[in-house]
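need coordinates for the following:
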Amino acid sequence: MSDRGQWQVTQVLTPLAQIAGIWIASDLGYYYLLPALGQVANYNTGALASTLYYAFWCGIAVITFWPLYVTWARYAPWDTFDGRLASYLIWIAAFGSSVLFAAYVLPLLPSVNWKESWTPPDVVLASPLYFFPKSIEILFQQLLILALVLALSLQKMSLRRIALVSALTFGAMHALLGFGGVPVGYVIRFMLSASVFGLIFPYLLLRVRNGFAYSYVIHWLYYAASVLLPHIFLADVK
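This next block holds a predicted model:
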């Protein structure tokens with residue numbers, strides 16, 4: 001391999017290693033550090049600690065990948081927030097809808113009748129508090145995805161190839177759900193879903209105005225659906 005080829009590989013592998021390292025460290029810290037500090041690693045019963053924990057990791061992501069984030073304007077055919085009215089409307093609609101769902105819709109749903117022998121993940125028995133840490137965790141993951149997309153764009157990769165790498169990376173990182181003690185089938189489901197979203201996110205981030213907002217909303221809606229479905233299909237009918 002030529003020196004230039006080696007340099008390009010290094011330029012791709014370095015941010016990939018950083019993204020994987022930060023994601024793995026955040027998951028290990030959530031499952032092992034929080035309990036060691038006397039906090040419950042649970043989005044429902046340990047919502048405050050989990051929210052602060054992922055807010056910390058959002059800061060780590062921004063500090064680490066800021067040199068990449070400032071290159072975003074090179075690859076997107078618009079300036080950030082150049083359509084401020086549309087940005088305001090998207091933000092208000094997304095925030096208002098999420099609060100409405102968590103605070104008013106979720107409490108009205110029938111309770112879940114869980115009959116499995118294994119402890120259900122947080123999302124199955126989600127309370128309104130669940131969406132505080134989950135919303136921040138989604139932001140953290142979106143920041144990592146954006147860093148990946150921009151790092152690959154910097155190497156002049158085609159959008160199709162970026163989407164494939166994003167799908168593989170995003171899907172693989174969800175294997176870390178196994179640390180939560182859930183069955184393999186549950187982990188595989190989330191890995192496959194993440195791979196599909198990983199294909200979509202780069203197109204939104206690089207080709208759609210306010211794409212980061214849409215990427216975040218789609219990501220959030222997936223978890224809203226994951227919360228909603230158990231209340232429908234596993235409802236405790238009396």
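
neighbours of Ala187, how many?
Slight slip there: residue 187 is Val, not Ala. Each residue near Val187 was counted by other Cβ atoms under 10 Å, and the total is 17. C-beta coordinates here come from the backbone N, C-alpha and C atoms, glycine included.

and it, what does it touch?
Contacts for Val187 (Cβ atoms under 8 Å, 6 or more residues apart in numbering) come out as 174-175, 177-178.

then Gly171?
191-192, 194-195, 198.

tell me which element it is part of?
Taking DSSP states H and E as the definition, Gly171 sits inside helix 159-173.

now do the buried residues in that helix.
Within helix 159-173, the residues that qualify as buried are 159, 162-167, 169-171, 173, counting by 16 or more other Cβ atoms under 10 Å.

nearest to Phe233, of those?
Using Cβ to Cβ, Gly171 comes nearest to Phe233 of these, at 24.8 Å.

and the closest one, how far is that from Ala194?
Taking Cβ to Cβ, to the nearest Å as the criterion, Gly171 is separated from Ala194 by 5 Å.

Phe56 too?
Computed with Cβ to Cβ, the distance linking Phe56 and Ala194 is 23 Å.

those two: who's more crowded?
Ala194 (24 against 14).

would you confirm that the more buried one contacts Phe170?
Yes: counting by Cβ atoms under 8 Å, Ala194 does reach Phe170; the two are 4.6 Å apart.

find the least confident helix or strand in this structure, judged by mean pLDDT.
Lowest mean confidence among the helices and strands of the chain (mean pLDDT, DSSP states H and E): helix 3-28, at a mean of 78.

following element in sequence after that helix, please.
Once helix 3-28 ends, the next helix or strand along the chain (criterion: DSSP H and E) is helix 34-36.

what packs against that following helix?
On a contact count with 3 or more Cβ pairs under 8 Å, 6 or more residues apart in numbering; DSSP states H and E, helix 34-36 meets helix 47-69.

can you pull the buried residues of the helix it packs on?
For helix 47-69, by 16+ other Cβ under 10 Å, it's 47, 49-51, 53-54, 57-58, 61, 64-65, 68-69.

need the contact partners of it.
Contacts with helix 47-69, where a contact means Cβ under 8 Å, 6+ apart, come from 15, 18, 22, 26, 29-30, 34, 39-43, 129-130, 132-133, 136-137, 139-140, 143-144, 146-147, 150-151, 154.

ditto for stretch 27-45
By Cβ under 8 Å, 6+ apart, the residues outside stretch 27-45 that reach it are 46, 49-50, 53, 122-123, 125-127, 129-130, 132-134, 176, 179-180.

please consider this matter closed, and thank you.
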